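Undergrad: sequence unknown, structure follows:
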């Protein structure tokens with residue numbers, strides 16, 4: 001029979017002695033030559049304890065494989081077995097014990113706490129015996145005593161195994177010693193730290209592994225003698241003679257009456273000590289750095305009490321000395337108390353503020369813009385203060401330069417886009433058609449020639465219009481256009497623009513209505529306004545299907561004129577509307593007759609309207625047409 005997790009590795013001498021006394025007592029009480037404690041394992045029976053009686057043929061360690069043994073039956077049946085004379089019993093007359101002369105047997109099972117068999121407790125005799133009930137009771141009593149011992153041994157072995165594993169694997173050195181300094185054992189970690197074997201450590205004793213010149217040693221040992229326990233820092237010696245610092249704990253305990261032992265735990269703290277030294281040097285270095293920094297460094301309480309300040313902070317606040325600054329409550333240096341309360345609420349919520357702008361009043365009553373970065377730890381604020389006055393000026397200039405640069409980049413990109421794509425297209429058309437006419441004129445009919453000429457003319461007009469817009473736009477970007485504002489009859493100006501784009505409208509059968517009243521006068525620059533109106537009408541014709549309509553009208557409102565250019569064209573999405581007047585995002589799409597464009601016209605319109613003191617916007621829905629609005633002063637601005 002196999003047993004998992006129940007075997008006892010070692011039985012202490014004190015238990016073996018007790019079991020031996022039980023076997024001897026049973027042999028004497030029962031007047032038999034053999035009293036045995038048997039142990040079974042892997043289908044073998046082993047004599048574990050044998051009585052020291054005369055003529056006992058059994059010795060501890062004797063083993064027999066199971067094949068009809070008395071004890072085998074007891075273990076399998078888990079019942080008491082009594083055989084007065086095996087030679088007279090046909091079931092037992094071939095038992096192996098008969099060869100040893102043992103014909104009488106009485107035995108009981110011995111089990112582990114979980115009822116798994118340990119073995120048997122039995123007595124054997126060379127002659128026939130009838131055992132009384134009193135003998136049976138005695139045997140059962142000793143059985144219970146042995147089973148209690150087995151239960152104790154199992155618990156002891158389990159705990160011992162746990163402690164042994166802890167002892168061997170703990171990442172601290174451990175000694176078991178006597179108060180006199182004799183070392184009884186050392187764990188593997190202690191051996192590793194000291195570079196010695198356990199035997200070497202035990203031979204050297206306390207004086208050989210602890211630095212006897214350590215100034216803390218005498219006081220620590222005296223403290224342990226007085227209180228029974230110590231904790232501190234002490235130095236140890238390795239095999240090579242080198243010294244290392246260690247955290248050290250030791251306590252005294254009673255091992256046995258009159259016999260005291262000590263346990264020592266220690267941990268190498270060399271790396272920690274090195275880190276502490278680096279930290280000390282780092283703190284010293286950064287304190288010197290902070291003290292001499294050009295940036296203000298501070299530590300204050302939430303109440304405003306100054307705990308630390310460097311020279312730069314005193315300079316920013318215009319104090320003669322750091323002591324003068326530290327003597328005052330820094331709260332009163334905020335120009336706006338509500339600003340400080342806001343910062344306080346953010347710190348209590350987030351624990352940190354990065355580069356917050358603040359306004360302070362210096363000791364000399366000057367106003368100063370500063371940037372503050374703060375960390376809150378408990379009730380203490382630590383941080384930096386930078387004089388932001390000069391920085392603010394530089395940043396504003398930088399932002400302006402960035403805006404101008406972005407605008408110039410957009411202008412440049414737009415210019416190159418027009419030249420590389422939009423201008424190249426119509427020029428290519430003119431070149432291609434004119435080449436065909438030049439080389440193959442005789443092969444074309446009059447109608448084909450007329451169509452080619454019309455296409456060339458259309459391409460030339462588009463190119464001219466594009467070059468005209470491009471020239472005007474480049475002049476506006478370079479600042480060459482000078483406005484000459486005057487009173488302008490709006491209806492007449494619209495008529496002039498309609499005349500220019502009328503041919504495109506006729507080609508698409510689109511009607512154009514000038515509904516501007518004859519008396520409407522605006523105050524603006526005529527050339528730029530002409531460009532705006534012409535572009536808006538041209539756009540409406542471009543994106544209106546055949547037989548559609550375009551209407552130009554106006555309304556007077558509060559000293560200004562609102563002009564509307566409406567069409568029945570294809571309309572626009574919300575996304576397109578958003579980018580109409582943005583030079584960075586403007587995109588041109590083909591007209592309803594595949595007319596080309598650059599998106600430049602509307603950008604010119606916006607710039608020219610704003611230069612004339614007005615505003616421009618649009619409304620549209622896909623499939624519902626579009627209306628462009630712009631507003632201009634109705635009367636001259638006398639200022």
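TA: That came through, no problem. In this text, all values refer to a predicted model and were calculated from it rather than measured experimentally.
Undergrad: Low-confidence stretches in the stretch 201-350 of the chain?
TA: Low-confidence segments of the stretch 201-350 of the chain (pLDDT under 70): 256.
Undergrad: Please, where are all the helices along it?
TA: Applying DSSP state H, counting those that start in this stretch to the stretch 201-350 of the chain gives helices spanning 206-209, 217-227, 270-291, 311-316, 322-326, 337-350.
Undergrad: Buried deepest among the ones you listed, which one?
TA: helix 311-316 (a mean of 20; mean count of other Cβ atoms under 10 Å). Every residue, glycine included, has its C-beta placed from N, CA and C.
Undergrad: Which elements pack onto it?
TA: Here helix 311-316 touches strand 296-301, helix 322-326, strand 380-387, going by 3 or more Cβ pairs under 8 Å, 6 or more residues apart in numbering; DSSP states H and E.
Undergrad: Redo the ones you listed as CSV? Include distance to residue 337.
TA: Below are the helices and strands packed on helix 311-316 laid out as CSV (distance: least, Cβ to Cβ, whole Å):
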stretch, distance to residue 337
strand 296-301, 16
helix 322-326, 19
strand 380-387, 16
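Undergrad: looking at these, which is closest to residue 441?
TA: Closest to residue 441 of those is strand 380-387 (Cβ to Cβ; 78.7 Å).
Undergrad: one step back: can you put the helices of the stretch 201-350 of the chain in TSV and add distance to residue 76?
TA: Below are these laid out as TSV (distance: least, Cβ to Cβ, whole Å):
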stretch	distance to residue 76
helix 206-209	57
helix 217-227	58
helix 270-291	62
helix 311-316	92
helix 322-326	92
helix 337-350	76
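Undergrad: nearest to residue 360, of these?
TA: helix 311-316 (7.9 Å).
Undergrad: contacts for the closest one?
TA: If you take Cβ atoms under 8 Å, 6 or more residues apart in numbering as the criterion, helix 311-316 is touched by 291-298, 320-322, 324-325, 360, 362, 368, 370, 385, 387.
Undergrad: Could you do stretch 496-513 as well?
TA: When contacts are defined by Cβ under 8 Å, 6+ apart, stretch 496-513 is touched by residues 514, 530, 533-534, 537-538, 541-542, 544-552, 592-593, 595.
Undergrad: What residues sit buried inside stretch 301-311?
TA: Buried residues in stretch 301-311, counted by 16 or more other Cβ atoms under 10 Å: 306, 308, 309, 310, 311.
Undergrad: Can you flag the buried ones in the contacts of helix 311-316?
TA: Buried residues within the contacts of helix 311-316, defined by neighbour count using 16+ other Cβ under 10 Å: 296, 297, 298, 322, 325, 360, 368, 370, 385, 387.
Undergrad: ok, residue 280 to residue 71 distance?
TA: Distance from residue 280 to residue 71, counting by Cβ to Cβ, to the nearest Å: 74 Å.
Undergrad: before we move on, what about residue 25?
TA: From residue 25 over to residue 71 (counting by Cβ to Cβ), the distance is 20 Å.
Undergrad: In terms of neighbours, single out the busier of these two.
TA: residue 71 (25 against 14; other Cβ atoms under 10 Å).
Undergrad: Surely the more buried one touches residue 46?
TA: No. Taking contacts as Cβ atoms under 8 Å, residue 71 lies outside contact range of residue 46: 10.0 Å.
Undergrad: Now the common contact residues for these two.
TA: Taking Cβ under 8 Å, 6+ apart as the criterion, residue 71 and residue 46 both touch 38, 40, 119.
Undergrad: on contacts alone, who are the packing partners of whatever helix or strand the last one lives in?
TA: It stands for residue 119. Element membership for residue 119, per DSSP states H and E: strand 117-125. Under the contact criterion of 3+ Cβ pairs under 8 Å, 6+ apart, strand 117-125 touches helix 13-30, strand 34-41, strand 44-50, helix 70-77, strand 104-111, helix 133-169.
Undergrad: Tell me which of these approaches residue 259 most closely.
TA: Set against residue 259 and scored by Cβ to Cβ, the helices and strands packed on strand 117-125 come closest in helix 13-30, at 16.0 Å.
Undergrad: how many other residues sit next to residue 86?
TA: 21.
Undergrad: which residue packs closest to it, ignoring adjacent ones?
TA: For residue 86, ignoring the flanking residues on the chain, the nearest one in space by Cβ to Cβ, 6 or more residues apart in numbering is residue 92 at 3.8 Å.
Undergrad: quick one, what contacts that neighbour?
TA: So residue 92 contacts 70, 83, 86, 98 (Cβ under 8 Å, 6+ apart).
Undergrad: Now which of the residues you listed would you call buried?
TA: Buried members of these, scored by 16+ other Cβ under 10 Å, are 70, 83, 86.
Undergrad: just the residues you listed: which has the poorest pLDDT?
TA: Ranked by pLDDT, the buried ones among the contacts of residue 92 bottom out at residue 70, which has 86.
Undergrad: how near is that one to residue 332?
TA: Distance of residue 70 to residue 332, given as Cβ to Cβ: 103 Å.
Undergrad: same check, this time on residue 102
TA: For residue 102, the distance to residue 332 equals 108 Å [Cβ to Cβ].
Undergrad: So between these two, which is more surrounded?
TA: The neighbour comparison of residue 102 against residue 332 (other Cβ under 10 Å) goes to residue 102, with 24 against 9.
Undergrad: How many residues are close by residue 582?
TA: For residue 582, the neighbour count with other Cβ under 10 Å is 14.
Undergrad: would you say it is within a helix?
TA: No. Per DSSP: H, G, I helix; E, B strand; the rest coil, residue 582 lies outside any helix segment and is coil.
Undergrad: residues in contact with it?
TA: Shown in contact with residue 582 (Cβ under 8 Å, 6+ apart): residue 603.
Undergrad: how far away is it from residue 574?
TA: 14 Å.
Undergrad: same check, this time on residue 397
TA: With Cβ to Cβ as the criterion, residue 397 and residue 574 are 37 Å apart.
Undergrad: before we move on, what about residue 62?
TA: Distance, residue 62 to residue 574, by Cβ to Cβ: 103 Å.
Undergrad: Let me see the contact set for residue 27.
TA: Contacts of residue 27 by Cβ under 8 Å, 6+ apart are 33, 34, 35, 51, 52, 53, 56, 123.
Undergrad: Excluding chain neighbours, what is closest to the fifth one?
TA: Beyond its immediate neighbours in the sequence, the residue positioned closest to residue 52 (Cβ to Cβ, 6+ apart) is residue 24, lying 5.5 Å away.
Undergrad: so what's the one you found up against?
TA: With contact taken as Cβ under 8 Å, 6+ apart, residue 24 is in contact with 35, 51, 52, 53.
Undergrad: tell me the pLDDT at it?
TA: With respect to pLDDT, residue 24 scores 96.
Undergrad: Tell me how this protein divides into domains.
TA: 13-161, 170-268, 276-387, 482-633 (automatic domain parsing).
Undergrad: Reformat the contacts of residue 27 as CSV; add pLDDT, distance to residue 211 and neighbour count.
TA: Below are the contacts of residue 27 laid out as CSV (pLDDT from 0 to 100; distance: Cβ to Cβ, whole Å; neighbours: other Cβ atoms under 10 Å):
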residue, pLDDT, distance to residue 211, neighbour count
33, 96, 65, 21
34, 96, 62, 25
35, 96, 59, 27
51, 96, 57, 25
52, 95, 55, 11
53, 93, 60, 17
56, 95, 60, 19
123, 96, 64, 26
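Undergrad: Could you dump those into JSON lines with distance to residue 634 added?
TA: Shown next, in JSON lines, are those (distance: Cβ to Cβ, whole Å):
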{"residue": "33", "distance to residue 634": "141"}
{"residue": "34", "distance to residue 634": "137"}
{"residue": "35", "distance to residue 634": "134"}
{"residue": "51", "distance to residue 634": "135"}
{"residue": "52", "distance to residue 634": "136"}
{"residue": "53", "distance to residue 634": "139"}
{"residue": "56", "distance to residue 634": "138"}
{"residue": "123", "distance to residue 634": "135"}
